[in-house]
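In: I'll drop the sequence and a predicted model, then ask my questions.
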Amino acid sequence: MINLLPEQLKKDFIYARRNRVLRKYLVISIVGSVGLMLIATLGLILYKNSWNNNQSQINSIQNKLNSENIASTNTQITNFSNTFKLVTKVLSQEILFSKMITAIGAAMPSNTALTGLSINSTSTGINLTANASSYNTATQIQVNLSDPSRGLFKNVDIVSINNSGSTGNNNLPFTVSLRALFNNTNQFLLINQKAVK
């Protein structure tokens, strides 16, 4: 087919087609831009709502914690824990003398008598005095009390042995003074009572 239209008219048709295509792209671009703006706006609104909800939850939890007074409760727990540790420490050093004196009496050899018992100011040991019938019997007291199988004391030292002669008890004329140190795992401590049966 031969196109006999004038040149100007041909150019007008070409430009009309191009304008129609450009108009189509322009409409698509405008619709796309509006769509992107709507999506961005919706995203910002959702983000803002989510942020506000999170802030309100944080404030609610903070108010709840403040109303429950967690800091005061933690302080009370710490104070209770410290008091319990102090009580445990005191009780761990508390000696049951009734059981200890019975055990010392059982360890005394025959022909001896326990006459005195005093606590040392350091509370790591005690001072003992006893009467004995002879010098050997007096030293036997030290041997019996320091016997590891009895578990009474870690160390027992003789401070002095005196012979009172006829002025004292005639049957037990020797007086012995002893210094005894408690074991680290003293069975007469209040908290070690499961070891004593």
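Out: The structure has been received and is ready for your questions.
In: quick check: next helix or strand after the helix or strand where Asn52 lies?
Out: Asn52 is part of helix 7-68 when elements are defined by DSSP states H and E. Per DSSP H and E, helix 7-68 leads on to helix 70-92 as the next helix or strand towards the C-terminus.
In: report the buried residues of that next one.
Out: Applying a neighbour-count criterion of 16 or more other C-beta atoms under 10 Å, one finds nothing buried in helix 70-92. Where you see a C-beta, it was placed from the backbone N, CA and C, and this is true even at glycine.
In: now the helix or strand hosting Lys154: mean pLDDT?
Out: Using DSSP H and E, Lys154 maps to strand 153-163. The predicted model gives strand 153-163 an average pLDDT of 88.
In: same question, stretch 40-51
Out: So the average pLDDT for stretch 40-51 ends up being 94.
In: distance from that stretch to the middle of the chain?
Out: Remark: stretch 40-51 is offset 47 Å from the chain centroid, using C-alpha atoms, centre = their mean, to the nearest Å.
In: from the chain's centre, how far out does the helix holding Asn52 sit?
Out: Counting by C-alpha atoms, centre = their mean, helix 7-68 is centred 57 Å from the centre of its parent chain.
In: next, the angle from it to helix 70-92.
Out: For helix 7-68 against helix 70-92, the angle by axes from the mean of the first three to the mean of the last three C-alpha atoms, to 10 degrees is 40 degrees.
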